[in-house]
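>>> Below are the sequence and a predicted model; questions follow.
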Amino acid sequence: MNKIFCAFLLIALALLPAACKRSASTEKEIVCTTYPVWLITRDLMQGAENPPPLSLLVPPDNGCPHDYALDTNSMIRLSRIKTLLLLRNGGLDDILADSVKKLNPKTMDHPIITHAGHDHGKYGICSQDPHIFTAPGQAKKMVLSIANSLMEFNPANNVVYAKNEARLLAKLDELEATAKDIGKGKKILAMHSTFNHLLAETGFNLRGVIFGGHISALSPVETQKWINMIKQEKIAFLITEPQTSRQVAEQLRNETGISLLELDPAASGAIDVPAEYLLKTMEQNIAKLREAAQ
């Protein structure tokens with residue numbers, strides 16, 4: 001009996017350090033809510049020496065986090081981080097951010113931009129639309145904002161962050177110059193508001209967005225409205241996204257013959273994508289738009 005007890009005691013002692021390690025608090029950690037914010041943050045942290053751990057809160061293949069709810073493991077982990085820097089897309093993830101701050105009241109909340117729901121600017125879009133990660137001119141704001149937060153949170157790597165910031169801004173400057181006015185005022189439609197900023201920067205005439213919120217289905221009346229617009233205004237093409245259903249887009253194409261152009265906002269993707277993935281995806285989108293405008 002004593003031998004059995006001693007065996008159990010040895011096993012328990014052997015497991016104790018691992019259990020303690022799992023329950024210990026993390027000193028400092030950087031948490032990004034959305035995939036695009038995480039992509040930029042990862043690029044800015046490239047080459048940093050012993051930086052705080054970086055993690056993505058919403059799974060990379062989830063897309064926009066409107067309805068995402070934290071699982072139990074994430075809730076426990078977030079509550080144990082002593083100093084948490086939360087980098088996020090304000091307007092896309094406000095509810096999620098509120099949940100994080102309740103779990104960890106010491107959270108340093110840093111929204112990249114706050115959505116202004118009633119401020120309609122050029123092209124009938126919100127001037128502070130949170131999908132700024134799709135357009136080079138607007139994405140520069142994200143780079144600047146995130147870089148400033150990293151320098152404040154982890155000043156030991158300020159030289160690295162500044163160098164990476166300059167590199168990303170230079171590349172975005174090039175993309176912005178390349179994209180300018182390639183749309184030539186062509187009339188187009190979009191399935192979702194994700195690319196409003198990019199379309200404004202490229203000079204397209206966005207005549208309407210099929211779904212302002214979640215993409216679902218169109219009523220017969222709504223369908224006929226878009227069919228009439230496409231025919232009457234001679235809309236050049238309709239922009240779709242890989243993350244959304246093509247059923248409505250194909251229905252409109254079948255009824256009107258309108259061309260479909262799929263662009264990728266990089267709102268979701270794999271966790272092991274190469275460096276500067278967001279910028280490379282943006283470059284591909286601009287190339288597709290340029291070709292479609294010819």
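Thanks, I have the structure now.
>>> From now on I want contacts and neighbour counts done on CA atoms only, so please keep to that.
Noted.
>>> For Lys106, see how far away Thr244 is.
36 Å (Cα to Cα, to the nearest Å).
>>> An error on my part: the question was meant for Leu260.
Distance from Leu260 to Lys106, by Cα to Cα: 47 Å.
>>> can you give me the helices in this protein?
Along the chain, the segments classed as helices by DSSP state H run 2-23, 35-44, 72-80, 94-103, 136-153, 158-179, 196-202, 220-233, 247-256, 277-293.
>>> so what's the residue minimising distance to the centre of the chain up against?
Nearest to the mean C-alpha position of the chain, by Cα atoms, centre = their mean, lies Pro36 at 3.3 Å. Neighbour list for Pro36: 133, 266-268, 278 [criterion: Cα atoms under 8 Å, 6 or more residues apart in numbering].
>>> quick one: pLDDT of it?
Pro36 carries a pLDDT value of 94.
>>> Kindly report the same for Pro265.
94.
>>> Surely it is in contact with Ser193?
No. The pair Pro265 / Ser193 is not scored as a contact, 10.8 Å apart, by Cα atoms under 8 Å.
>>> Looking only at neighbour counts, state which of the two leads.
Set Pro265 next to Ser193 and count neighbours by other Cα atoms under 10 Å: Pro265 wins out with 24 against 20.
>>> if you skip the residues just before and after it, what's nearest to that one?
Spatial nearest neighbour of Pro265, excluding adjacent residues (Cα to Cα, 6 or more residues apart in numbering): Thr134 at 5.7 Å.
>>> returning to what we had before: what's the separation between the residue nearest to the centre of the chain and Ala179?
20 Å.
>>> Just the closest of the contacts of Pro36 to Asn62, please.
Ser268 (6.2 Å; Cα to Cα).
>>> Contact partners for Asn164?
For Asn164, the contact set (Cα under 8 Å, 6+ apart) comprises 43-46.
>>> ok, Pro242 - how many residues close by?
12.
>>> Please report phi then psi for it.
With angles defined as degrees, to the nearest 10, Pro242 sits at phi -70, psi -20.
>>> Help me confirm that it comes into contact with Ala266.
No. Applying Cα under 8 Å, one finds Pro242 not in contact with Ala266, separated by 9.6 Å.
>>> Point out where the chain drops to low pLDDT.
1-26, 63-67, 113-128, 213-216 (pLDDT under 70).
>>> 90 instead?
Applying pLDDT under 90 to the chain flags residues 1-27, 58-78, 88-99, 103, 106-107, 109-131, 193, 211-219, 242-246, 294.
>>> Hmm, Cys32 and Leu87 touching each other?
Yes. When contacts are counted by Cα under 8 Å, Leu87 is listed as touching Cys32 (4.8 Å).
>>> How many neighbouring residues does Val31 have?
The tally of other residues near Val31 (other Cα under 10 Å) stands at 23.
>>> Next, the contact list for it, please.
Counted by Cα under 8 Å, 6+ apart, Val31 has contacts 54-57, 84-87.
>>> Check Glu165 too.
So Glu165 contacts 44, 143-144, 147 (Cα under 8 Å, 6+ apart).
>>> What about the residue lying closest to Trp38 once chain neighbours are set aside, how many residues nearby?
Residue nearest to Trp38 in three dimensions, not counting chain neighbours: Cys32, with 5.3 Å by Cα to Cα, 6+ apart. Residues contacting Cys32 under the criterion other Cα under 10 Å number 23.
>>> for Asp71, same thing?
Neighbours of Asp71 (other Cα under 10 Å): 8.
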